[in-house]
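K.L.:
quick one, what's the 3D model for this:
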Amino acid sequence: MRKFSSKQFVIKTATVGLLLNMLVSPVSSVLADAVKTPAATESGTAATDATTTQATAVKIPSVDSLGLNLKSALLMEPTTGEVLLSLNADVPLPPASMTKMMTEYLVADAVKKGELSWDKKVIVQENASKQIGSRIFLAQGDEHTVKELYIAMAVGSANDATVALAEEVSGSEQEFVALMNETAQEMGMKTAYFINSTGLDRADMPAKFRPDTDRETVMSAMDAALLAKFIVTEHPDFTEFTTIQSYKFRERDKEPMINYNWMLEANKDVTNFKAYAYPGLDGLKTGHTTNAGNCFTGTAVRDGMRLISVVMGANSEAHRFTETKKVLDFGFNNFEIKQVVAPKAVIAGNETVPVLKGKNKDVSVVTDAGVTFIVPKGTVSPEIKTTVVTNDPATLVAPIAGASKVGKVTYSYQVEGITQIQEKTVNLITAEEAEKAGWFKLLMRAIGEFFGDLFKGIKNLF
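P.N.:
I've put the predicted structure just below:
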């Protein structure tokens, strides 16, 4: 046998170590954002918890620095639900015509489900014809399509068109209001309560059709943002209506209705509104009553990121838009959407799961989807907390097809200075098929395990 000197041994060991490091380092870099250590195992379910490297610090200005003069305000990123700015956002307040967002959502939903069609003719009933405030002066017996009425509601905030649509969906406005309140609960709106489809004060409703209650419609800024979130995510074609700058409802009308939303990006060339036009803004709904003041739920998209802003209790029409600009600028200037984990990611420490009766004793696993969070602008490596839970090993019996769910991975992230934690769970799936072993291999494996356990037991005796 050839012998090596101690010096030769050290050199060769170092060489082998260098080669191993070269081979491992590319893998290490890929897994740098998913490093974990086993934390606990309960009832055959493994849980792993760890964090990535520290994020690059980005200073977020305080809300106070914006100098907002409002009763309440909120800024939300809709795909994550992350609240980026909050000012008295959970206080229930009269929302005025922002109430119509729920009517818009439910009508669009009925069309989406095939329960209603845009070209269906609606016959105007007495309640709709007696509405006051913003309206298009519908008379009882008039006929207009769902789409025409929807545009009148979205662009001109027409109370009569709104009630006509509510009655078409549910038979009566109060039946529709019951649906509004039920949907609000399903959406997770905690303070919202509706008494009509329009947002009018109870005293301004036609006496014959007032609900038997002394309550008024209320909704917090948080609830308004949640409602807007469902609109923009479930009905992305909302912009077909909300970006209409003006609309002539009837041929005989002298003037078209003008969109109350002065901030539409398209208004950048309109003399009266260009000072308020905001890049990327394409919705959503204004509101005004004496009790509510001036309100606005706006939404804009920039560099692939959409934000939803809500301002309530502004002191003028113009003021609600200048305050909205402050809120949206805060979001777009300080935050960005970032994919923090790619699809098909390998989780360090959980590269495989054990398989019973398989050709191999384990199978490689990866995540089935990527994860996106909203992070402070300029963040390079956000600090992501990762928890892995695998299925009970007793249930992982070969054969197991590729892409089979064998667990789940939960990622969570918190922006410094914001209490809300972003969280997303994806599936852990097999990266390949786990084939079943033949009977002879299983027999040999069982014999090997038997003697292995036996020798281990004997060793422990000594």
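
K.L.:
if I look at P95, how far off is V124?
P.N.:
Going from P95 to V124 by Cβ to Cβ, to the nearest Å gives 25 Å. Where you see a C-beta, it was placed from the backbone N, CA and C, and this is true even at glycine.

K.L.:
please apply the same query to L116.
P.N.:
16 Å.

K.L.:
more crowded one of the two?
P.N.:
Each of L116 and V124 has its neighbours counted (other Cβ atoms under 10 Å); V124 has more, 21 against 18.

K.L.:
need the pLDDT of the more buried one.
P.N.:
If you check V124, the pLDDT there is 98.

K.L.:
one more: G378?
P.N.:
pLDDT at G378 comes out at 89.

K.L.:
in a helix, A152, correct?
P.N.:
Yes - under DSSP: H, G, I helix; E, B strand; the rest coil, A152 falls within a helix.

K.L.:
and it, what is it in contact with?
P.N.:
The contact partners of A152, by Cβ atoms under 8 Å, 6 or more residues apart in numbering, come to 136, 158, 161, 247, 249, 257.

K.L.:
measure the residue lying closest to P78 once chain neighbours are set aside to Y150 for me?
P.N.:
Take P78 and drop its neighbours on the chain: the residue closest to it by Cβ to Cβ, 6 or more residues apart in numbering is K229, 4.3 Å away. K229 sits 20 Å away from Y150, going by Cβ to Cβ.

K.L.:
how about P92?
P.N.:
Relative to Y150, P92 is positioned 27 Å away (Cβ to Cβ).

K.L.:
list the contacts of the nearest residue to P206 once chain neighbours are set aside.
P.N.:
Leaving aside its chain neighbours, P206 sits nearest to K130 (4.0 Å; criterion: Cβ to Cβ, 6+ apart). By Cβ under 8 Å, 6+ apart, the contact set of K130 is 206, 208-209.

K.L.:
mind running it again at 10 Å?
P.N.:
When contacts are counted by Cβ atoms under 10 Å, 6 or more residues apart in numbering, K130 touches 138, 140, 159-160, 163, 205-209.

K.L.:
would you turn the residues you listed into TSV with distance to M189?
P.N.:
Compiled in TSV, these are given as follows (distance: Cβ to Cβ, whole Å):
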residue	distance to M189
L138	29
Q140	33
N159	22
D160	26
V163	22
M205	22
P206	27
A207	29
K208	29
F209	24
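
K.L.:
show the buried residues in the residues you listed.
P.N.:
In terms of neighbour count (16 or more other Cβ atoms under 10 Å), the buried residues within these are 138, 159-160, 163, 205-206, 209.

K.L.:
how many other residues sit next to L85?
P.N.:
27.

K.L.:
and it, what element?
P.N.:
Assigned by DSSP states H and E, L85 belongs to strand 82-87.

K.L.:
in that strand, what's buried?
P.N.:
Taking 16+ other Cβ under 10 Å as the neighbour-count basis, strand 82-87 is seen to contain the buried residues 82-87.

K.L.:
put the alpha carbons of it into CSV.
P.N.:
Only the C-alpha atoms of strand 82-87 are listed here, as CSV (Å, rounded to 0.1, in the frame of the first residue of the first chain):
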residue,chain,number,x,y,z
GLU,A,82,-50.5,44.5,2.4
VAL,A,83,-51.6,47.8,4.1
LEU,A,84,-48.8,50.3,3.5
LEU,A,85,-50.5,53.3,5.0
SER,A,86,-53.2,53.6,7.6
LEU,A,87,-54.9,56.7,9.2
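
K.L.:
can you list the strands that that strand pairs with?
P.N.:
strand 72-77 (antiparallel) (DSSP bridges).

K.L.:
list the buried residues in the helix or strand harbouring S412.
P.N.:
Using DSSP H and E, S412 maps to strand 405-414. In terms of neighbour count (16+ other Cβ under 10 Å), strand 405-414 has its buried residues at 406-414.

K.L.:
one more: stretch 158-172?
P.N.:
In stretch 158-172, counting by 16+ other Cβ under 10 Å, buried: 158-170.

K.L.:
dump these into CSV; add distance to M263, pLDDT and secondary structure as well.
P.N.:
Supplementary listing: those in CSV, determined by distance: Cβ to Cβ, whole Å; pLDDT from 0 to 100; DSSP: H, G, I helix; E, B strand; the rest coil:
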residue, distance to M263, pLDDT, secondary structure
A158, 20, 98, coil
N159, 22, 98, helix
D160, 25, 98, helix
A161, 22, 98, helix
T162, 22, 98, helix
V163, 27, 98, helix
A164, 28, 98, helix
L165, 25, 98, helix
A166, 27, 98, helix
E167, 31, 98, helix
E168, 30, 98, helix
V169, 29, 98, helix
S170, 32, 98, helix
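
K.L.:
of all those residues, which two lie farthest apart?
P.N.:
Spanning the widest gap among those are A158 and S170, at 18.5 Å by Cβ to Cβ.

K.L.:
low-scoring pLDDT stretches of the stretch 351-462 of the chain, where are they?
P.N.:
By pLDDT under 70, the low-scoring segments of the stretch 351-462 of the chain are 358, 437-462.

K.L.:
neighbour-wise, which of K229 and Y150 wins?
P.N.:
Applying other Cβ under 10 Å to K229 and Y150 shows that Y150 carries more neighbours, namely 23 against 20.

K.L.:
surely the more buried one touches T162?
P.N.:
Yes - at 9.2 Å, Y150 counts as touching T162 under the criterion of Cβ atoms under 10 Å.

K.L.:
got any residues that touch both of these two?
P.N.:
Shared contacts of Y150 and T162, defined by Cβ under 10 Å, 6+ apart, comprise 103-104, 107.

K.L.:
which of those sits closest to M76?
P.N.:
Checking these against M76 with Cβ to Cβ, the nearest one is E104 at 17.9 Å.

K.L.:
can you tell me the SS state at the closest one?
P.N.:
helix.

K.L.:
for the spatially closest residue to G156 that is not a sequence neighbour, give me its contacts.
P.N.:
Of all residues not flanking G156 in the chain, M257 sits nearest, at 3.5 Å (Cβ to Cβ, 6+ apart). Contacts for M257 (Cβ under 10 Å, 6+ apart) come out as 134, 136, 151-152, 155-158, 244, 246-249.

K.L.:
among those, which lie within helices?
P.N.:
Among the contacts of M257, the members falling in helices (DSSP state H) are 151-152, 155-156.

K.L.:
helix or strand with the lowest mean pLDDT in the protein?
P.N.:
In the chain, no helix or strand scores lower on mean pLDDT, DSSP states H and E than strand 38-42, which sits at a mean of 33.

K.L.:
A398 and A431, how far apart?
P.N.:
With distances taken as Cβ to Cβ, A398 is found 15 Å from A431.

K.L.:
go on, A139?
P.N.:
Applying Cβ to Cβ to A139 and A431 gives a distance of 66 Å.

K.L.:
which one of the two has more residues nearby?
P.N.:
Ranked by neighbour count (other Cβ under 10 Å), A139 and A431 place A431 first, with 16 against 9.

K.L.:
quick one: residues contacting that one.
P.N.:
344, 346, 351-352, 363-366, 402-403.

K.L.:
thinking again about what came up before, in JSON lines: the buried residues of strand 405-414, plus distance to S220.
P.N.:
What follows is the buried residues of strand 405-414, written out as JSON lines (distance: Cβ to Cβ, whole Å):
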{"residue": "V406", "distance to S220": "41"}
{"residue": "G407", "distance to S220": "38"}
{"residue": "K408", "distance to S220": "33"}
{"residue": "V409", "distance to S220": "33"}
{"residue": "T410", "distance to S220": "28"}
{"residue": "Y411", "distance to S220": "29"}
{"residue": "S412", "distance to S220": "25"}
{"residue": "Y413", "distance to S220": "25"}
{"residue": "Q414", "distance to S220": "23"}
